[in-house]
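Colleague: With the sequence up front, the predicted model follows.
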There are 2 protein chains.
Amino acid sequence: MTDRSPAARKPIRTAITDEDGIDFAIIELFFFAYRDFTSDPDQILADYGFGRAHHRVLHFVNRRPGLTVAELLDVLKITKQSLARVLKQLIDTDHIVQLQGPRDRRQRELYPTARGRALALALARPQSRRIRAALEDSGTNERASIERFLEAMVNPELRAQIDIVPAKISGKSHGDH
Amino acid sequence: MTDRSPAARKPIRTAITDEDGIDFAIIELFFFAYRDFTSDPDQILADYGFGRAHHRVLHFVNRRPGLTVAELLDVLKITKQSLARVLKQLIDTDHIVQLQGPRDRRQRELYPTARGRALALALARPQSRRIRAALEDSGTNERASIERFLEAMVNPELRAQIDIVPAKISGKSHGDH
DNA sequence: AAATTGCGTCAATAGTACTGACATATTCCC
DNA sequence: GGGAATATGTCAGTACTATTGACGCAATTT
């Protein structure tokens, strides 16, 4: 089946373009943007012996204090076993604590400690700086359109995960500005 | 030094907000958007026994036909040894060919084959569809502002890597001659 | 009482990355 | 010409993140 003839190995010397209406420009920009976006916290995490997995857990536990292990697995889309090691390390280092669920005592509600909150903020700070700078650089007054675009990039079924977050929903939920 | 007292493990029950001016909304949206953005090609790659690493190599070899191994390593920011396995598989399956450099015969110029070109397109198609849909959904007529934002998110020193690409400006570049 | 659920853990495996070391061919430079 | 530097390939060892499968325990549900 596989064509091993020399012809099949002829090199194509022209660059792929936006033929077929494929948006390579944004595809590639998205790759580079995300690569650099995650590189900031990666540097900090290395000091703790943590990886990106720890960051994600820390982030969501801070964003939705009291979420259960099952809920966390659902958001991260990883397996229980993958989470286990990472979560254990974060608990052992007092970044996260588990509390028995009030209604269902089988559940473990996850909360950040002061230390976990501090680390989450430290990790988010350079990312936020980068975003702010990008919004200014690009002259994008329209922060809202960036937000809408990113949200529209998420699978519709999964958009629920986003809206769980407090801030966003009622446009201006008290608390900050 | 580590405070192991009970006080240090007190749970924080309030969600982290945009306190300190941290832009959690976009941080999180970026995470979800990229997660789903990469999930499309991941599905296709699985059929070939390939992973995300193969996708990246394939993409850049198609984008910049004739780039050398060293240049590819620089763009991907991985080590030679990491690239080796992936590249070997792509060559063995006739997705990519190596040609001896014309000026410097130590160099190996990398080119896609017809098959490699086809796979790159197949992988990009769903991503491009998602982008197109997101631009329409979000009513963002201003595709340019999304592009500017993403570009501004990239480390300035590394923006050169982006601009190497032909397409963008004179829609009809010939790659080489 | 029995079945189910939420969580934790053990064992085995895989994919992707890393560092270090070394071989080969080629080119550069004195 | 000959040595140094360069471009690539490869071998060995390690680490991290992820996977699946299986099992145990406690609590809840039926």
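Modeller: Yes, it's here. Residues are numbered from 1 along each chain as shown, chains lettered A, B, ... in the order given.

Colleague: Show me where chain A has its helices.
Modeller: Secondary structure of chain A (DSSP state H): helices at A:24-48, A:52-63, A:69-76, A:80-92, A:114-137, A:143-153, A:159-163.

Colleague: Mean neighbour count, those: which tops it?
Modeller: helix A:52-63 (a mean of 22; mean count of other C-beta atoms under 10 Å in any protein chain shown). For glycine as for every other residue, the C-beta is placed from the backbone atoms N, C-alpha and C.

Colleague: Any chance you could list what contacts that helix?
Modeller: Here helix A:52-63 makes contact (C-beta atoms under 8 Å, 6 or more residues apart in numbering or on different chains) with A:38, A:41-42, A:45, A:48, A:67, A:72, A:75-76, A:78, A:82-83, A:86-87, A:89-90, A:95-96, A:110-112, A:116-117, A:119-120, A:123-124, A:165, B:12, B:15-16, B:24, B:27-28, B:31.

Colleague: roughly how far is stretch A:66-77 from the heart of the chain?
Modeller: Offset of stretch A:66-77 from its chain centre (C-alpha atoms, centre = their mean, to the nearest Å): 14 Å.

Colleague: Correct me if wrong: residue A:64 contacts residue B:14.
Modeller: No - in this structure, residue A:64 is not within contact of residue B:14 by C-beta atoms under 8 Å, at 10.9 Å.

Colleague: neighbour count winner among those two?
Modeller: Between residue A:64 and residue B:14, counted using other C-beta atoms under 10 Å in any protein chain shown, residue A:64 has the larger neighbour count: 19 against 14.

Colleague: that older thread, can you narrow the contacts of helix A:52-63 to ones near DNA strand C?
Modeller: residue A:87 (C-beta under 7 Å from any atom of the strand).

Colleague: show me what contacts residue A:38?
Modeller: residue A:52.

Colleague: From residue B:113, how far off is it?
Modeller: Residue A:38 sits 32 Å away from residue B:113, going by C-beta to C-beta, to the nearest Å.

Colleague: now residue A:9
Modeller: From residue A:9 across to residue B:113, the span is 6 Å (C-beta to C-beta).

Colleague: So which of the two has more stuff around it?
Modeller: Neighbour comparison, residue A:9 and residue B:113: the larger count goes to residue B:113, with 23 against 19 (by other C-beta under 10 Å).

Colleague: Tell me the confidence at that one?
Modeller: For residue B:113, the pLDDT comes out at 95.

Colleague: So it is in contact with residue B:65, correct?
Modeller: No - counting by C-beta under 8 Å, no contact exists between residue B:113 and residue B:65, whose distance comes to 10.7 Å.

Colleague: Please identify every residue contacting each of the two.
Modeller: A:11, A:12.

Colleague: what about stretch A:122-142 and chain B, touching?
Modeller: Yes - using C-beta under 8 Å from any C-beta of the partner chain, we find that stretch A:122-142 touches chain B at A:124-125, A:127-128, A:130-135, A:137-140, A:142.

Colleague: Next: stretch A:101-114.
Modeller: Yes - contact of stretch A:101-114 with chain B (C-beta under 8 Å from any C-beta) involves A:111, A:112, A:113, A:114.

Colleague: now swap in stretch A:79-94 and tell me
Modeller: Yes - interface with chain B: stretch A:79-94 contributes A:93, A:94 (C-beta under 8 Å from any C-beta).

Colleague: Distance of residue A:122 relative to residue A:106?
Modeller: Distance from residue A:122 to residue A:106, by C-beta to C-beta: 33 Å.

Colleague: contacting residues around the residue nearest to residue A:19 when sequence neighbours are not counted?
Modeller: Spatial nearest neighbour of residue A:19, chain neighbours left out: residue B:121 (8.0 Å); criterion: C-beta to C-beta, 6 or more residues apart in numbering or on different chains. Contacts for residue B:121 (C-beta under 8 Å, 6+ apart) come out as A:16, A:19, A:20, A:22.

Colleague: Show me how to select, in PyMOL, the buried members of the residues you listed.
Modeller: Command for PyMOL, covering only those of these found buried under the criterion 16 or more other C-beta atoms under 10 Å in any protein chain shown:
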select buried, chain A and resi 16+22
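
Colleague: I'd like the contacts of residue B:121 as JSON lines, with distance to residue A:157 appended.
Modeller: Output for these, formatted as JSON lines (distance: C-beta to C-beta, whole Å):
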{"residue": "A:16", "distance to residue A:157": "31"}
{"residue": "A:19", "distance to residue A:157": "31"}
{"residue": "A:20", "distance to residue A:157": "27"}
{"residue": "A:22", "distance to residue A:157": "25"}
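
Colleague: Having no further points to raise, I will conclude here.
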